[in-house]
Structure formats: structure tokens, C-alpha cells
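[1] Sequence first, then the predicted structure:
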Amino acid sequence: MTTARGLHAHVLETLGQRIVDGVLATGAVVRPELVASEFGVSRSVVREALRVLQSLGLVEPRQRVGTQVLPTSSWELLAPTVIRWRGASPAYFAQQRELLELRLGVEPVAAALAAGVPSAPGPGDAVLEAARAMLDACDAEDSRAYLEADVRFHRALLTGSGNAVFIHFAGTVEALLRTRTSESRDTITRWTHDAASRHEAVALAIVAGDGAAAGEAATALLRVTRDEFIAEAPGS
């Protein structure tokens, strides 16, 4: 039997994905009674789903109008849930480019800060372990292991900076990386030994305590990744 939480999650996921996909366009009115009828759920389940969508900036209740879908400019674009929905939508490549450009302004600074943290053990140890796990995954052609190591790498990099805002950003980056698991255009063939080696270069600089080199290596890593996505984007 489906629980109330399961029903709520199903309604939320479906409505959120429809909005991000453009099936429910900006300005469309979401009518709770119709949603309740479609999904066979109570109005309270629909209201709770709409409250979550409102907190994410996707909808807004308006007097004498109802709950309206808001434009992309109102969405919480750094929220992991919104990132996941956009990652499964036609906005996949746009989101990758946008967030890679943001990461270019964040992760090199985080790498430089992490390099300044005393070792034994320090953040560099976790970053280096993850980078070498990526190299091992390449040798084994194990895309799942590569992804998990990649997530560990960037989380360790950001949390190792000691900057509370960067640490919070780690969840955003993880959500972005995980959108790649369902993207058939982004397979193990792109997760190359060269890419893993660029991650290792960042880690080695952090372990060496060389902030300038760590920042430069992180910049190079993200620029290559950004350029690859731009080259592969439809219409490029």
C-alpha cells in the first residue's frame, strides 16, 4: 500500500518535472482539484506538494487566480531538487554550462584554501584518495565507481576549504554530477584517464600545500569540462 509520503513524493516529482520540462508553462494555473483527481489523492497531499514547489520558486498562489507557474528566473536554481529536474529535462546542457561557469569562480578558490589547511590528515588526503579512485575506475571501465569517486572528490574539495558557503555548495555540485547517470550522451567514454589525471593534479597540489598550483589546476580541470559540454550541446 502506498503511504501518504509516497503519494506526496509522486505528485511533487511529477508536477516539478512537468514545470521544468515546460509541459506546465509559465503562467499556467495548477488546479488542486484536477491534480487530486488525476493522481487519485487527497487535496491535502496536493497542497503539501504545492507548498514544496512554492518553496523552490516554481509556483506561487495568487488571489482570484490560483496557483500559477513562475518563470525560470524565480526558481531556486541551486536547489538539488531543481537541479535534478533540470538534469532530466531539455535544459540538461544549459544547466551544465551555467553551473560549470559558476564552479569556475568557486572551486579554484576552494582548492587554494584547502591547500592552506595543515595536513596529517588534511583535506588533501580525501581529495587525493578520490582522484586515485577515479583513475582505478577508468582502468576498470566502471562508470558507477567513477561517478561516486568524482562526487567524493568535489565534496572533499569544497568541504576542505573550511568556507561555510563553499561547504553548503557541495550539495549543489553533487546533485549536478548525479544528473549525468541518466544522460546517455555522457558515458564512461568521456570519463577518461586524462580527466581523472586532471583531478589528481588538483589533489597533489593541495597535498603539497601549494595554493596557487591547486587553484590553477582546478581552473584547468573545470575549463576543459565546460568546453566539452559546450562542444557537445545541441546546435553547437
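    Ah, there it is. These figures come from a predicted structure and were not determined experimentally.
[2] can we go C-alpha only for contacts and neighbour counts from here?
    OK.
[3] in what helix or strand does E60 lie?
    strand 59-62 (DSSP states H and E).
[4] In that strand, which residues are buried?
    V59, E60 (16 or more other C-alpha atoms under 10 Å).
[5] Show me how far the longest helix that the chain contains is from its chain's centre.
    Of all the elements of type helix in the chain, the one with the most residues (DSSP state H) is helix 211-232. Remark: helix 211-232 is offset 17 Å from the chain centroid, using C-alpha atoms, centre = their mean, to the nearest Å.
[6] how about it: buried residues?
    Buried residues in helix 211-232 (16+ other C-alpha under 10 Å): 211-223, 225-226, 229-230.
[7] Same question for stretch 114-129.
    Quick answer for stretch 114-129 (16+ other C-alpha under 10 Å): A114, A115, G116, V117, G122, P123, G124, D125, A126, V127, L128, E129.
[8] what's the farthest-apart pair in those?
    G116 and E129 (18.2 Å; C-alpha to C-alpha).
[9] Could you list everything V29 pairs with in the sheet?
    In this entry, V29 is beta-bridged to Q68, by DSSP bridges.
[10] what helix or strand is the residue nearest the centre of the chain on?
    In the chain, the C-alpha nearest the mean C-alpha coordinate belongs to L176, at 1.9 Å (C-alpha atoms, centre = their mean). For L176, the element it lies in under DSSP H and E is helix 164-178.
[11] which other residues reach that helix?
    Residues outside helix 164-178 that contact it (C-alpha atoms under 8 Å, 6 or more residues apart in numbering) are 78-81, 83-84, 87, 96, 106, 110, 147, 150-151, 154-155, 158-161.
[12] Let me know the next secondary structure element after it.
    Counting by DSSP H and E, what follows helix 164-178 is helix 193-207.
[13] re earlier: go through the buried residues of stretch 114-129 and flag which are in helices.
    Using DSSP H, the buried residues of stretch 114-129 in helices are A114, A115, P123, G124, D125, A126, V127, L128, E129.
[14] how much space is there between the most far-flung residue of the chain relative to its centre and L53?
    Going by C-alpha atoms, centre = their mean, the residue of the chain most distant from its centre is R64, 36.3 Å out. From R64 across to L53, the span is 20 Å (C-alpha to C-alpha, to the nearest Å).
[15] Equivalent analysis for A145, please.
    A145 is 33 Å from L53, by C-alpha to C-alpha.
[16] cool, and A201?
    In terms of C-alpha to C-alpha, A201 sits 41 Å off from L53.
[17] What does L78 show for phi and psi?
    Main-chain dihedrals, L78, degrees, to the nearest 10: phi -100, psi 0.
[18] For it, give its distance to E148.
    For L78, the distance to E148 - C-alpha to C-alpha - is 20 Å.
[19] Now tell me what touches the longest helix of the chain from outside.
    93, 96-97, 100-101, 103-104, 107-116, 195, 198-199, 201-206, 236.
[20] let's go with 6 Å and repeat that
    Applying C-alpha atoms under 6 Å, 6 or more residues apart in numbering, the set of residues contacting helix 211-232 from outside is L100, P108, A111, A112, A115, R198, V202, A205, I206.
[21] And those, which of them are buried?
    Counted by 16+ other C-alpha under 10 Å, the contacts of helix 211-232 give L100, P108, A111, A112, A115, R198, V202, A205, I206 as buried.
[22] mind checking pLDDT for the fifth one?
    So that's A115. A115 carries a pLDDT value of 94.
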